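A.B. asks: Please find the sequence and the predicted model below.
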Amino acid sequence: MKTFIKSFVFLLFFIYTECAFRCDYQYRQLTKGWFKLYEVPETWQDARLRCTLQGAVLASPTSSAMAAEMRHTMKNFFLQDTEIFTGLHATFSSQSYYTVDGIPLSKIPLVWANNEPDNFGNKERCITFNSNGSAADRMCEEPRPYICFRSGEKEVLTNRCGTVDDEYHYYAKTKKCYKFHRVPGSFERAHFVCSAENGHLAIINSEDEAEVLRKVFADNPDSSIPGSFRKEVAYIGFHDWGTWGDFRTVHGETLKEAGYDKFSGGEPNNATTGEHCGAIYRSALLDDLWCDKPVPFICEKDPAYPPICQPTADEEIDIDERFNNKVE
């Protein structure tokens, strides 16, 4: 009996360890995976990117179980008459539909809504799903809610920063994590990416933190950054919020209130009209920069957010009932 109990406890521990993921996702035993619904509509491309940056994929009803859980998730948020994006798309070539992880449409048991798909105007290359379980083809550029999904069958090895992204590194001096993005982006895109990764554009709160960011920059020399763009400067988290010269962090503090306001000599200067966005040089001295200029950027993340969770008992109840009632 003791051997049986030990084996049972070990099995539960093994299952839960394998299934662990972010606490802002909910685990569903039926699909052995984690779901998170984003109610704020985004374009298909941004929805796909946000899920990807979180170590997940844009969910698709690839099986009756997945369809049932997607419907359940939508109904929990009262999205009764709303179509959400799925990971099914034909953005590479017209009518060649695949999920974002490569499953062809021909292998998916979709139930189409009346008169769908119709490829209206020859512009509908993304597939949506509603709480009734029916699908339609729609324009990818029309913002919609969506669900991100992480399979519990994938091993989750979180690092010291509480993320599956090993490009985040922990620094004891600030007790924070940072990631240097070598692929350049506008300030808007940089803000989006850091937010999707559950962080924010780095904010310098002290001389110690300036020293850390100087090292982060030094660990990414020009030779390691491919492409033709400025590599001696990177976006961080401050902006003038539309009034040039009133530079504040993305959290609303003045730079002095935040703890660091050292600009490079002659900066800020609005050298080309429209330099509303904040950046640092490799020296960690500050600069004002034109917001649409693509440059590298640095994200900052709290290592304790979001926390990592195991499936709980209440997330595993009523599985059979939900599955049996997937078609109403």
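C.D. replies: Now that the structure is in, tell me what you want to look at. Numbers count the residues shown, from 1 in each chain.
A.B. asks: what ranges do the helices span in the protein?
C.D. replies: 2-19, 44-53, 64-76, 187-196, 207-218, 255-258, 319-324 (DSSP state H).
A.B. asks: what domains does the record give for the protein?
C.D. replies: Per the record, the chain has its domains at 16-155, 169-301, by automatic domain parsing.
A.B. asks: Looking at the ones you listed, which is nearest to Pro307?
C.D. replies: When the domains of the chain are compared by Cβ to Cβ, domain 16-155 sits nearest Pro307, at 4.7 Å. Every C-beta, even on glycine, is put in place using the N, C-alpha and C of the backbone.
A.B. asks: pLDDT at Pro306, what is it?
C.D. replies: Pro306 is assigned 88 on the pLDDT scale.
A.B. asks: ok, it - contacts?
C.D. replies: Going by Cβ atoms under 8 Å, 6 or more residues apart in numbering, Pro306 touches 22-24, 162, 198.
A.B. asks: Tell me how far it lies from Pro41.
C.D. replies: For Pro306, the distance to Pro41 equals 22 Å [Cβ to Cβ, to the nearest Å].
A.B. asks: out of the contacts of Pro306, who's nearest Ile147?
C.D. replies: Asp24 (12.8 Å).
A.B. asks: All the strands of the stretch 101-250 of the chain, residue numbers only.
C.D. replies: Under the criterion DSSP state E, counting those that start in this stretch, the stretch 101-250 of the chain contains strands at 126-129, 135-138, 144-151, 169-171, 176-185, 200-201, 233-239, 248-249.
A.B. asks: And the third one, what does it pack against?
C.D. replies: This points to strand 144-151. Packed against strand 144-151 by the contact rule (3 or more Cβ pairs under 8 Å, 6 or more residues apart in numbering; DSSP states H and E) you find strand 33-42, helix 44-53, strand 57-58, helix 64-76, strand 84-89.
A.B. asks: export the ones you listed to a markdown table and tack on mean pLDDT, distance to Cys277 and mean neighbour count?
C.D. replies: What follows is the helices and strands packed on strand 144-151, written out as a markdown table (pLDDT from 0 to 100; distance: least, Cβ to Cβ, whole Å; neighbours: other Cβ atoms under 10 Å):
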| stretch | mean pLDDT | distance to Cys277 | mean neighbour count |
| --- | --- | --- | --- |
| strand 33-42 | 95 | 22 | 18 |
| helix 44-53 | 97 | 20 | 20 |
| strand 57-58 | 98 | 29 | 22 |
| helix 64-76 | 93 | 36 | 20 |
| strand 84-89 | 98 | 30 | 26 |
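A.B. asks: and of these, who's closest to Trp290?
C.D. replies: helix 44-53 (22.6 Å).
A.B. asks: Which residues outside that closest one are in contact with it?
C.D. replies: Looking at what lies outside helix 44-53 - Cβ under 8 Å, 6+ apart - the contacts are 38, 42, 57-59, 85, 87, 89, 91, 100, 126, 140-141, 144, 146, 148-149, 165, 192-193, 196-197.
A.B. asks: Who wins on neighbours among the contacts of Pro306?
C.D. replies: Arg22 (24 neighbours; other Cβ atoms under 10 Å).
A.B. asks: what ranges of the stretch 151-300 of the chain fall below the confidence cut-off?
C.D. replies: The model of the stretch 151-300 of the chain has pLDDT under 70 over residues 154-156.
A.B. asks: Select, out of the helices and strands packed on strand 144-151, the one closest to Glu153.
C.D. replies: Using Cβ to Cβ, these put strand 33-42 closest to Glu153, at 7.6 Å.
A.B. asks: Just put the domains of the chain in a markdown table and tack on distance to Pro311.
C.D. replies: Formatted as a markdown table, the domains of the chain follow (distance: least, Cβ to Cβ, whole Å):
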| stretch | distance to Pro311 |
| --- | --- |
| domain 16-155 | 4 |
| domain 169-301 | 20 |
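A.B. asks: out of those, nearest to Gln310?
C.D. replies: Closest among the domains of the chain, using Cβ to Cβ: domain 16-155, at 4.3 Å.
A.B. asks: now the closest one, how far from the centre of its chain.
C.D. replies: The chain centre lies 15 Å from the centre of domain 16-155; the measure is Cα atoms, centre = their mean, to the nearest Å.
A.B. asks: Can we start the residue count at 429 from this point?
C.D. replies: Let's use 429 as the start, then, which means that last one is domain 444-583.
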